[in-house]
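Participant: Model the following, please.
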Amino acid sequence: MKRLERKVSIVTGGGSGLGEATSIVLARAGMRVAVVDLREEGCGRVADSIRDQGGDALALCGDVSDEATVHKVVQQVLGRWDRIDAMINNAAVDHTLSVHEMTVAQWDQVLAVNLRGPFLFAKAVWPVMMAQHGGHIVNIASTAAKRAWANAAAYHTSKWGLLGFSRGLGVEGRPHNIKVTAIVPGGMRTHFFDRFGEQGIPLPDPAKLQDPMCVAELIAFVVSMPPESVLQEAIITPLWETSWP
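Facilitator: Numbers count the residues shown, from 1 in each chain. Coordinates of the predicted model:
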């Protein structure tokens, strides 16, 4: 993907799961990648792996829902590479609880990470992308934005909201050549389901989940499209995902 060579990306939640896969795939395509994660060990490990493979990566630790942290991350990326071409809002959290069991603090955390975080990063990179006459913001939603299941009201709210945010942001970005895409992945073989076993919730069959690298390849394709086109929304599910739609 020659269009991505030497360009700069930020990937939140980059220390594991889909974020890790996306960071690696973008680096292999030639991008310089800022790997952002709440856990220092995770982002450091992924950044080291990219550098070991000959890529250019920066590990940054921080909470995506904190405004000061987001500003600091963006400034560090600009200080290193002087531009930002792709902003991948991937970081997410969930509490698998019914509404009457969920605390207000848990609800607030889900909305803060999954929806406030993408807003803060989009707001922070917006003037940078305007100044360089283009850029691409990719928001990682979920099939939870298209359907519903029990004990996930906060997660549904955040992901449905993220789709709406993406649409509105895309309209605002057009005059400035800023593209916005919402990626809607189905089940993946990531740590997302770890807590299911801890809470006694039946685990999905791993054979019926998709490799996060498949979704990462889609993200790389989306940000490498020609300047005159934008894929506004893309749904990617395992072939065997029986709960769709």
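Participant: Now for Val128: which residues touch it?
Facilitator: By C-beta atoms under 8 Å, 6 or more residues apart in numbering, Val128 lies in contact with 74, 78, 83-84, 135. Just so you know, the C-beta spots here come from the backbone N, C-alpha and C atoms, and that holds for glycine as well.
Participant: how much space between it and Ala34?
Facilitator: As judged by C-beta to C-beta, to the nearest Å, Val128 and Ala34 stand 13 Å apart.
Participant: again, but for Leu169
Facilitator: Leu169 sits 20 Å away from Ala34, going by C-beta to C-beta.
Participant: So for those two, which residue has more residues nearby?
Facilitator: Neighbours per residue, other C-beta atoms under 10 Å: of Leu169 and Ala34, the larger number sits with Ala34, 28 against 20.
Participant: how about stretch 107-114: buried residues?
Facilitator: Within stretch 107-114, the residues that qualify as buried are 107, 109-114, counting by 16 or more other C-beta atoms under 10 Å.
Participant: Could you list the residues in contact with the helix or strand encompassing Val110?
Facilitator: Applying DSSP states H and E as the criterion places Val110 in helix 104-111. With contact meaning C-beta under 8 Å, 6+ apart, helix 104-111 is reached by 65, 93-95, 97, 154-155, 157-158, 161.
Participant: I'd like to know the average pLDDT value across that helix.
Facilitator: What helix 104-111 shows for mean pLDDT is 98.
Participant: After that helix, which helix or strand is next? Please name it.
Facilitator: Using DSSP H and E, the helix or strand that follows helix 104-111 in sequence is helix 117-131.
Participant: Low-confidence bits of the chain, can you list those?
Facilitator: Low-confidence segments of the chain (pLDDT under 70): 1, 192-204, 242-245.
Participant: how about the helices of it, start to end?
Facilitator: All helices of the chain, identified by DSSP state H, fall at 17-28, 40-52, 67-81, 104-111, 117-131, 153-173, 194-198, 212-223.
Participant: out of those helices, deepest packed?
Facilitator: helix 17-28 (a mean of 26; mean count of other C-beta atoms under 10 Å).
Participant: Could you name the helices and strands sitting against it?
Facilitator: Applying 3 or more C-beta pairs under 8 Å, 6 or more residues apart in numbering; DSSP states H and E, we find helix 17-28 packed against strand 8-12, strand 32-37, helix 40-52, strand 86-89, helix 212-223.
Participant: Kind regards, and thank you for your time.
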